[in-house]
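K.L.:
got a structure for you, letters missing:
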């Protein structure tokens, strides 16, 4: 007789619909490959940099009539089967991707935005950030910018480039592929 080994049953993976129903109004939570992942609240500095980034991008987008800007952990679908929603700090959706006449959804963004800005939190590990950036790019986001308040720097990742660009405090950040004519000193995000 063969002995039986007790096994621990894994909880069922959560679908996107279940996640939105249960956690759609929360912050600090994401659905990663069907599992709910909670993140510690990042703190005041993170919030200040997110607000600065959103304000800077929104000003350019509104002046140019280019699209819409969202923030505050806007859920962006980055995977299916199993489902994944990431909470982006700032997103830009051009009117090319989401026409002006079509309102943004009340829930998550199912279509990838043109631009995602993530602000590194004190608890973020480099590998975790790289995974998240890769998910955004694989989902169709054209450009992902990671702002790091710890060193006042911006790193820009693009679908079309294998090597990210690094911008320091004294550099001008440009994003010609998603915001033509946009140019801002990196330090502005951290002031």
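P.N.:
Here it is on my side, so go on. Not measured: the values here are computed from a predicted model.
K.L.:
so where's this structure uncertain?
P.N.:
1-10 (pLDDT under 70).
K.L.:
Give me the nearest residue to residue 87, chain neighbours excluded.
P.N.:
Using CB to CB, 6 or more residues apart in numbering and skipping the chain neighbours, the partner closest in space to residue 87 is residue 73 (3.3 Å). No exception for glycine: its C-beta is placed from N, CA and C like everyone else's.
K.L.:
and that neighbour, what element?
P.N.:
Assigned by DSSP states H and E, residue 73 belongs to strand 67-79.
K.L.:
Give me the angle between the following helix or strand past that strand and strand 67-79.
P.N.:
Per DSSP H and E, the first helix or strand lying C-terminal to strand 67-79 is strand 84-94. In terms of direction (axes from the mean of the first three to the mean of the last three CA atoms, to 10 degrees), strand 84-94 departs from strand 67-79 by 150 degrees.
K.L.:
Pull the residues that contact the following helix or strand past strand 84-94.
P.N.:
Scanning forward in sequence from strand 84-94 by DSSP H and E, the next helix or strand is strand 115-119. Applying CB atoms under 8 Å, 6 or more residues apart in numbering, the set of residues contacting strand 115-119 from outside is 42, 46, 49-50, 53-54, 57, 76, 88-92, 129, 132-133, 136, 141-147, 149, 175, 178-179.
K.L.:
distance of the residue most central in space within the chain from residue 183?
P.N.:
By CA atoms, centre = their mean, the chain has its centre lying nearest to residue 88, at 2.9 Å. To residue 183, residue 88 is 23 Å away according to CB to CB, to the nearest Å.
K.L.:
just to revisit the earlier point, which residues are in contact with the residue nearest to residue 87?
P.N.:
Residue 73 neighbours (CB under 8 Å, 6+ apart): 27-28, 87-89.
K.L.:
residues near residue 59, how many?
P.N.:
Counted by other CB atoms under 10 Å, the residues lying close to residue 59 total 13.
K.L.:
give me the element it is part of.
P.N.:
Element membership for residue 59 (DSSP H and E) is helix 44-64.
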